[in-house]
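Chemist: Got a predicted structure plus its sequence, pasted below:
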Amino acid sequence: MSLIEVNEVSYIYENDDNEKPALKDVSINIESGDFIAVIGSNGSGKSTLAKLLNVLLLPSEGDILVNGLNSRDKKNTWKIRQQVGMVFQNPDNQLVASMVEDDVAFGPENLGIPAEKIRERVDKSLEMVGMAGFQKFAPHKLSGGQKQRVAIAGVIAMEPDCIVLDEPTAMLDPRGRKEVMDTIEFLNKEKNITVIHITHFMEEAAGADKILVMHQGEVIHQGNPREIFRKVSELKEVNLDVPVAVEVAEILRQNQIKVPDILTIDELVDSLC
Ligand code: ADP
Ligand code: MG
């Protein structure tokens, strides 16, 4: 059994006049331990997919199973939300308390975890995101990257199997972005938390195990980063970029300079020097 099974799922927003589905017949399997990146231009359905995984929305058609639990069944809603945590783009909307530790405790409190266990979980979660010692800080005094890591700690404190991050780095400066990416990678590699990372930074997607490419509500390509970023012209057609190193390698090839399959700047430098 996969950790998450999305079976022929479509979603139509009821308030949407044109009734074009935001998601069309999407089927994907996510295995425990996966690091998945989801890319796609604006309006391609990425956030809708994320909300369906977290039971903020229910499929118009098809089913979503998390550890075998169907999201349609009301008694599964909170079990699934505990197992699939959600991190959004703007940490300011996720941090509500006046102290970091209260924000991180919010999720476990809602799950009914006993008070003495909550402190343990808060401390452990803050340590896991590299924010140990910030318990008493006011969230609004932190940098963007720090805030987003506190938001991630709040999700981790619920001990989920999987976290879905919807463009978590979009509002951050390069340093904050790196902090958040390092944190996500650590949680996946060292803590075996499954990660579904929606991003419009192709360099970030290149580090995933697998990439889903969305276009007009459909998953049009799936594969590892090398397979996906070989499709330079197909990606450009749907308004997506490729990592800079891939782009440069492609231009070199067009100019009859031989370069192997390239994904990262380091690989490009190695091949040229
Ligand atoms: P993405 O996250 O890839 O930008 P979304 O999932 O937000 O895409 O949107 C997919 C489609 O659904 C778009 O056409 C968008 O306009 C539409 N949509 C998103 N949210 C709503 C909503 N609350 N009401 C009506 N239509 C929506
Ligand atoms: Mg979105």
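Modeler: Done, it's in. Residues are numbered from 1 along each chain as shown. Ligands and ions are numbered 1, 2, ... in the order given.

Chemist: Am I right that residue 135 is in contact with residue 126?
Modeler: Yes. Counting by CB atoms under 8 Å, residue 135 does reach residue 126; the two are 6.7 Å apart. Heads up, the C-betas are built off the backbone N, CA and C, glycines and all.

Chemist: intersection of neighbour lists for those two?
Modeler: 100-101 (CB atoms under 8 Å, 6 or more residues apart in numbering).

Chemist: Give the residue from these two that has the larger number of neighbours.
Modeler: Each of residue 135 and residue 126 has its neighbours counted (other CB atoms under 10 Å); residue 126 has more, 23 against 16.

Chemist: Now the helix or strand where the more buried one lies: buried residues?
Modeler: Assigned by DSSP states H and E, residue 126 falls within helix 115-128. Within helix 115-128, the residues scored as buried using 16 or more other CB atoms under 10 Å are 118, 121-123, 125-126, 128.

Chemist: And whichever residue of the stretch 1-150 of the chain sits closest to ligand 2, what's its pLDDT?
Modeler: Using CB to the ion, the closest approach of the stretch 1-150 of the chain to ligand 2 is made by residue 47 at 3.2 Å. At residue 47, the pLDDT value in this model is 98.

Chemist: Does it belong to a helix, a strand or coil?
Modeler: Judged by DSSP: H, G, I helix; E, B strand; the rest coil, the three-state class of residue 47 is helix.

Chemist: so it sits right up against residue 198, yeah?
Modeler: Yes. In this structure, residue 47 is within contact of residue 198 by CB under 8 Å, at 7.2 Å.

Chemist: Which strands or helices does the helix or strand encompassing residue 25 pack on?
Modeler: Assigned by DSSP H and E, residue 25 belongs to strand 23-30. Judged by 3 or more CB pairs under 8 Å, 6 or more residues apart in numbering; DSSP states H and E, the packing partners of strand 23-30 are strand 4-11, helix 46-53, strand 61-66, strand 218-223.

Chemist: May I see the ones you listed organised as a markdown table, with distance to residue 229 and mean neighbour count added?
Modeler: A markdown table is the format used below for those (distance: least, CB to CB, whole Å; neighbours: other CB atoms under 10 Å):
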| stretch | distance to residue 229 | mean neighbour count |
| --- | --- | --- |
| strand 4-11 | 23 | 20 |
| helix 46-53 | 18 | 22 |
| strand 61-66 | 28 | 19 |
| strand 218-223 | 9 | 17 |
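
Chemist: and these as TSV, adding distance to residue 109?
Modeler: Shown next, in TSV, are the helices and strands packed on strand 23-30 (distance: least, CB to CB, whole Å):
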stretch	distance to residue 109
strand 4-11	26
helix 46-53	23
strand 61-66	22
strand 218-223	36
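
Chemist: can I get these in a markdown table with distance to ligand 1?
Modeler: Formatted as a markdown table, the helices and strands packed on strand 23-30 follow (distance: least, CB to the nearest ligand atom, whole Å):
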| stretch | distance to ligand 1 |
| --- | --- |
| strand 4-11 | 8 |
| helix 46-53 | 3 |
| strand 61-66 | 15 |
| strand 218-223 | 11 |
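
Chemist: Could you check how far the residue nearest the centre of the chain is from ligand 1?
Modeler: Centroid-nearest residue in the chain: residue 197, 2.0 Å away (criterion: CA atoms, centre = their mean). Shown here: residue 197 relative to ligand 1, a distance of 13 Å by CB to the nearest ligand atom, to the nearest Å.

Chemist: pretty sure that residue contacts residue 34?
Modeler: No. Between residue 197 and residue 34 there is no contact under CB under 8 Å: 10.5 Å.

Chemist: Select the longest helix from this protein.
Modeler: helix 174-191 (DSSP state H).

Chemist: So for that helix, what gets flagged as buried?
Modeler: 176-177, 179-181, 183-184, 187-188.

Chemist: Now do that helix: distance to the chain's middle.
Modeler: 11 Å (CA atoms, centre = their mean, to the nearest Å).

Chemist: Let's see it as PDB, backbone CA atoms only.
Modeler: The C-alpha trace of helix 174-191 is given here as PDB (Å, rounded to 0.1, in the frame of the first residue of the first chain):
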ATOM      1  CA  PRO A 174      18.000  33.500  -0.900                       C
ATOM      2  CA  ARG A 175      19.300  32.900   2.600                       C
ATOM      3  CA  GLY A 176      15.900  32.100   4.000                       C
ATOM      4  CA  ARG A 177      15.200  29.900   1.000                       C
ATOM      5  CA  LYS A 178      18.400  27.900   1.700                       C
ATOM      6  CA  GLU A 179      17.500  27.500   5.400                       C
ATOM      7  CA  VAL A 180      14.100  26.100   4.500                       C
ATOM      8  CA  MET A 181      15.400  23.800   1.800                       C
ATOM      9  CA  ASP A 182      18.100  22.400   4.100                       C
ATOM     10  CA  THR A 183      15.400  21.800   6.800                       C
ATOM     11  CA  ILE A 184      13.100  20.000   4.400                       C
ATOM     12  CA  GLU A 185      16.000  17.900   3.100                       C
ATOM     13  CA  PHE A 186      17.100  17.000   6.600                       C
ATOM     14  CA  LEU A 187      13.500  16.000   7.600                       C
ATOM     15  CA  ASN A 188      13.300  13.800   4.600                       C
ATOM     16  CA  LYS A 189      16.700  12.200   4.700                       C
ATOM     17  CA  GLU A 190      17.300  12.000   8.400                       C
ATOM     18  CA  LYS A 191      13.800  11.700   9.800                       C
END
